[in-house]
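**Q** I would like to see how this sequence folds:
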Amino acid sequence: MTTTPLYGFSDTSFQAAGSVDGIRKLVDNFYQEMDTLPEAVVIRKMHKTDLTESRDKLTLFLCGWMGGPGLYHEKYGSINIPRDHAHLPIGEAERDAWLLCMERAIAKQNYSPEFSTYLLAQLRIPAERIFATSRKPSV
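**A** Numbers count the residues shown, from 1 in each chain. Presented below is the predicted three-dimensional model:
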């Protein structure tokens, strides 16, 4: 007997995250964490003071990434996550700070434990790709 996965096909992840409004809430919580966590000071400085565009881009990107509509592409064009972040000095500490902000933001959502675990595991993939292609010199 084959079981269908709960997430990661069609728009199941998009729906589990609450569609556009739910993803926008996740992103708002993510940037609130980035603004307050001491571990995130360095990655926060990589962003503009006004996070309006960053919030919009991450929200629209995540919508499509989770199987929803391609809103990012419609508004901003194509994206290559590692290439578009390659100019930033992303080391282990920065990668881990980003994931910590996302983990804490996910914990604030009304997601099932299964979806929370799944989503954080999936978000590790682009975080690792960005880390692998970063120009930050090794210590």
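**Q** only C-alpha atoms for contact and neighbour calcs from this point on.
**A** Noted.
**Q** contacting residues for Gln32?
**A** Listed by C-alpha atoms under 8 Å, 6 or more residues apart in numbering, the contact set of Gln32 is empty.
**Q** Tell me the helix or strand right after the helix or strand it falls within.
**A** Secondary structure from DSSP states H and E places Gln32 in helix 19-36. Later in the chain than helix 19-36, the nearest helix or strand by DSSP H and E is helix 41-45.
**Q** what inclination does the following helix or strand past that next one have with respect to helix 19-36?
**A** Downstream of helix 41-45, the next assigned helix or strand under DSSP H and E is helix 52-65. Angle between the axes of helix 52-65 and helix 19-36 is 130 degrees (criterion: axes from the mean of the first three to the mean of the last three C-alpha atoms, to 10 degrees).
**Q** List the buried residues for helix 52-65?
**A** Arg55, Asp56, Lys57, Leu58, Thr59, Leu60, Phe61, Leu62, Cys63, Gly64, Trp65 (16 or more other C-alpha atoms under 10 Å).
**Q** May I have that helix exported as PDB, CA atoms only?
**A** Listed next in PDB are the C-alpha coordinates belonging to helix 52-65 (Å, rounded to 0.1, in the frame of the first residue of the first chain):
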ATOM      1  CA  THR A  52       8.600  46.200   3.300                       C
ATOM      2  CA  GLU A  53      10.100  44.900   0.100                       C
ATOM      3  CA  SER A  54      11.900  42.000   1.900                       C
ATOM      4  CA  ARG A  55       8.600  40.900   3.500                       C
ATOM      5  CA  ASP A  56       6.800  41.100   0.200                       C
ATOM      6  CA  LYS A  57       9.500  39.200  -1.700                       C
ATOM      7  CA  LEU A  58       9.800  36.400   0.900                       C
ATOM      8  CA  THR A  59       6.000  36.100   1.100                       C
ATOM      9  CA  LEU A  60       5.500  35.900  -2.600                       C
ATOM     10  CA  PHE A  61       8.500  33.500  -3.000                       C
ATOM     11  CA  LEU A  62       7.200  31.200  -0.300                       C
ATOM     12  CA  CYS A  63       3.700  31.100  -1.900                       C
ATOM     13  CA  GLY A  64       5.200  29.600  -5.100                       C
ATOM     14  CA  TRP A  65       7.800  27.500  -3.300                       C
END
